[in-house]
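Colleague: missing the sequence, but the structure's below:
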């Protein structure tokens, strides 16, 4: 049985869109940028703010109950209902240590029927000093040696995974080259993995 590794934020859910619409736009009503204009992730340059301010705002959103209440991406949830049983699934995400518990709880609440394990590479935050085992998802995949396919919205993660023989599926988002593909077509390609 093949093992699929799923990024959490912006793949299993719509974190950036939810944060942008419900937190950033409300706090900055003068902002004329649309979610579709966020052609970089992180989008701090597009928003004309320091990266640390963006990360602080995103982390505050994760700490808020809004993250817990976020619904799964509908097409992804439907794919799991129809095809999830055909594969093993793990979550592999890069979140700050402070958000890992909240993220894991969200994954298990919405995808625990299929995703049985949660793995994370701590995203760097200056205030957090914990041991570093892996610098990237690629390091983690090399260590684990069990994953056949990575589904992620970050092109670098996909390229790195493919460099070690893990198939990469780039999930369409405004900040990557799959943005013009439909989520349904990407998910259909997963259904044909053997």
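Modeller: Right, received. Where do you want to start? Bear in mind that the values here come from a model prediction, so they are computed numbers and not experimental data.
Colleague: what distance separates the longest helix belonging to the chain from the centre of its chain?
Modeller: Ranked by number of residues, the top helix in the chain under DSSP state H is helix 97-111. Its chain's average C-alpha position is 12 Å from that of helix 97-111, according to CA atoms, centre = their mean, to the nearest Å.
Colleague: what strand or helix carries the closest residue to residue 180 other than its chain neighbours?
Modeller: With CB to CB, 6 or more residues apart in numbering as the criterion, residue 180 has its nearest non-adjacent residue at 7.5 Å, and that residue is residue 172. Quick note: C-beta positions are derived from backbone N, CA and C, even for glycine. Using DSSP states H and E, residue 172 sits in no helix or strand.
Colleague: and residue 172, how many neighbours does it have?
Modeller: 18 (other CB atoms under 10 Å).
Colleague: could I get the phi/psi values of it?
Modeller: phi -60, psi 120 (degrees, to the nearest 10).
Colleague: quick one: least confident helix or strand in the chain?
Modeller: Sorting the helices and strands of the chain by mean pLDDT, DSSP states H and E puts helix 65-68 at the bottom, at a mean of 88.
Colleague: can you name the element that comes right after it?
Modeller: helix 74-83.
Colleague: what's the first-to-last distance across stretch 104-123?
Modeller: 15 Å (CA to CA, to the nearest Å).
Colleague: re earlier: what pLDDT, on average, does the following helix or strand past the longest helix of the chain get?
Modeller: The helix or strand immediately downstream of helix 97-111 is strand 115-120, counting by DSSP H and E. Regarding strand 115-120, the rounded mean pLDDT is 95.
Colleague: in contact with the residue of the chain most remote from its centre, which residues are there?
Modeller: Distance from the C-alpha centroid of the chain, by CA atoms, centre = their mean, peaks at residue 30 (28.1 Å). By CB atoms under 8 Å, 6 or more residues apart in numbering, the contact set of residue 30 is empty.
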